[in-house]
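Chemist: Predicted structure and sequence below. I'll ask about it afterward.
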Amino acid sequence: MSLNCYIAIDIGGTAIKYGIVNQIGSVLMNEEIPTNAKDGADTVINRIIDHIHPFFSVYKPSGIAISTAGQVDIQKGTITYAGETLPGYKNYPLKEVFEKVFNLPVSVDNDVNCALLGEKWLGIAKNETECIMLTIGTGIGGAILLDGNLYRGRHFAAGEWGYMWLRESSFEQLASTSALINQVETALDLKACSLNGKKVFELMDHNQSVVEIINQFFTNLAKGIANIIFILDIEKVIVGGGISENKYFLKYLNRYLNEYLPAEVQNRIILENASLGNKAGFIGAVSHHLNTYKKREF
């Protein structure tokens, strides 16, 4: 029996990943293009449509599964809230646009929800019924698994803890990768966008001010995660985003996190890296699609 396959799309603020994923989660091919978000929502979506058109004659997909930044009404497939990074994205009717162009079933969900669904399907959360996931990048995204299912909230906005307040700023203004990079570039008087998360850690051996900025970054990140743990009483925290792949990242984060947790809580918290890397979003999008159209039991 041949397996159905799906076009999977993961729309991020910096990059768009897209490819073909079959119904058992195998990635048959994948590509990546820059988002160029400043061009606006219409231009970005039309660019995606142009890139995926050639797949139809080759793979004959059964549907289109979309993972995207922003808050998503999964029933309507629209973007209910998005930041200013991608102009014109708020209220954008993603599902309607893709269905009209391709005449196929389309599903849409938030990118971190999809990442956690991917980890639940094929990754490190496979045997979990309760956990949370954070992705640390341009902002801080979150997703919540309770009783084996995503908890989305009444307005599909549960897990948006990048917006919660720590001290005088939001969590993501203090503990996102972009916040860390901006602080280091300012301190060292570097050109904007000259660093990434990996390069920041490489500077630790050469500059005490960078060490102090990174220490404060982990302090802020640990405080935010501790707050979430106290609210939800979960045991497993999955961390994603490129910066989390640094070999020292979990070690540092665990050490700082323990400063804000009582011993009995420390002993039961499991802090782990996401296992599917940058494919988690579009693998999870297909998981959501299959569940939405009842192609399998989740």
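Modeler: Arrived safely, thanks for sending. Source: prediction; values computed, not measured. Numbering: from 1, shown residues only.

Chemist: what's next to the longest helix along the chain, contact-wise?
Modeler: Counting residues, the longest helix in the chain under DSSP state H turns out to be helix 208-232. The contact list for helix 208-232 (CB atoms under 8 Å, 6 or more residues apart in numbering) reads 132, 134, 136, 140, 142, 144, 146, 161, 164, 166, 171, 174-175, 179-180, 183-184, 187-188, 200-201, 203-204, 234, 237, 252-253, 255-257, 259-261, 265, 269. Just so you know, the C-beta spots here come from the backbone N, C-alpha and C atoms, and that holds for glycine as well.

Chemist: Buried subset of the residues you listed, written for PyMOL?
Modeler: PyMOL command restricting the contacts of helix 208-232 to the buried ones, with burial defined by 16 or more other CB atoms under 10 Å:
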select buried, resi 132+134+136+140+142+144+161+166+171+174+175+179+180+183+184+200+201+203+234+237+252+253+256+257+260+261+265+269
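
Chemist: Any regions of the chain where pLDDT drops low?
Modeler: For the chain, the stretches with pLDDT under 70 are 1, 295-298.

Chemist: dump the residue contacts of the spatially most central residue of it.
Modeler: Centroid-nearest residue in the chain, with CA atoms, centre = their mean: residue 112, separated by 3.6 Å. Residue 112 makes contacts with 133, 134, 135, 141, 142, 143, 159, 240, as judged by CB under 8 Å, 6+ apart.

Chemist: give me the element it is part of.
Modeler: helix 111-122 (DSSP states H and E).

Chemist: Output that helix as PDB, nothing but the C-alphas.
Modeler: This file holds the C-alpha atoms of helix 111-122, laid out as PDB (Å, rounded to 0.1, in the frame of the first residue of the first chain):
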ATOM      1  CA  ASP A 111       4.600  26.800  15.100                       C
ATOM      2  CA  VAL A 112       5.400  25.900  18.700                       C
ATOM      3  CA  ASN A 113       2.200  23.800  19.000                       C
ATOM      4  CA  CYS A 114       3.300  22.000  15.800                       C
ATOM      5  CA  ALA A 115       6.800  21.500  17.200                       C
ATOM      6  CA  LEU A 116       5.400  19.900  20.300                       C
ATOM      7  CA  LEU A 117       3.000  17.800  18.200                       C
ATOM      8  CA  GLY A 118       6.000  16.600  16.200                       C
ATOM      9  CA  GLU A 119       7.900  15.700  19.300                       C
ATOM     10  CA  LYS A 120       4.800  13.900  20.700                       C
ATOM     11  CA  TRP A 121       4.400  11.900  17.400                       C
ATOM     12  CA  LEU A 122       8.000  11.000  16.700                       C
END
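
Chemist: Toward the C-terminus from it, list the very next helix or strand.
Modeler: With secondary structure assigned by DSSP H and E, helix 111-122 is succeeded by strand 131-136.

Chemist: Apart from its chain neighbours, what residue comes closest to the residue nearest to the centre of the chain?
Modeler: Spatial nearest neighbour of residue 112, chain neighbours left out: residue 141 (3.7 Å); criterion: CB to CB, 6 or more residues apart in numbering.

Chemist: Count the neighbours of that neighbour for me.
Modeler: 27 (other CB atoms under 10 Å).

Chemist: Walk me through which strands the helix or strand containing it pairs with, and which way each runs.
Modeler: Using DSSP H and E, the element containing residue 141 is strand 140-146. Strand pairing for strand 140-146, using DSSP bridges, gives strand 131-136 (antiparallel), strand 149-150 (antiparallel).

Chemist: Now do it against helix 208-232: the angle between them, please.
Modeler: Taking axes from the mean of the first three to the mean of the last three CA atoms, to 10 degrees, strand 140-146 and helix 208-232 form an angle of 30 degrees between their directions.

Chemist: hey, where'd the helices end up in the stretch 151-298 of the chain?
Modeler: 171-175, 177-187, 197-202, 208-232, 249-258, 263-266, 280-292 (DSSP state H, counting those that start in this stretch).

Chemist: who's in contact with residue 252?
Modeler: Residue 252 neighbours (CB under 8 Å, 6+ apart): 214, 218.
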